[in-house]
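Q: Dropping the sequence and predicted coords here.
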Amino acid sequence: DERAPQDELLVLDADAAQQDVLDLVQAGHSLVVSAPPGTGQTQTALNAAA
């Protein structure tokens, strides 16, 4: 984990792949995330919404 805690704006934990998606959302990109069950897609959606 190379990101400083004060730089994380998450309500739920996120792994590196989820954080990549959240970084794109925070940068203003529109995207669609399609992932198999159990990969944290709900966590990612909740973090993006928050």
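A: Yep, it's here.
Q: wait, what's in contact with residue 15?
A: residue 40 (Cβ atoms under 8 Å, 6 or more residues apart in numbering). In short, each C-beta sits where N, CA and C put it, glycine included.
Q: if I look at it, how far off is residue 41?
A: 12 Å (Cβ to Cβ, to the nearest Å).
Q: Check residue 10 too.
A: Applying Cβ to Cβ to residue 10 and residue 41 gives a distance of 15 Å.
Q: same check, this time on residue 34
A: Residue 34 sits 8 Å away from residue 41, going by Cβ to Cβ.
Q: Neighbour count: those two, which is higher?
A: Counted by other Cβ atoms under 10 Å, residue 34 and residue 41 do not tie: residue 41 has more neighbours, with 15 against 5.
Q: Assess the claim that the more buried one and residue 47 are in contact.
A: No - between residue 41 and residue 47 there is no contact under Cβ atoms under 8 Å: 10.7 Å.
Q: could you pull out the helices for this structure?
A: Using DSSP state H, the helices of the chain run over residues 16-26, 41-49.
Q: Identify the residue spatially nearest to the spatially most central residue of the chain, adjacent ones excluded.
A: When Cα atoms, centre = their mean is applied to the chain, the residue found nearest the centroid is residue 22 (3.5 Å). Nearest non-adjacent residue to residue 22, counting by Cβ to Cβ, 6 or more residues apart in numbering: residue 47, 5.5 Å away.
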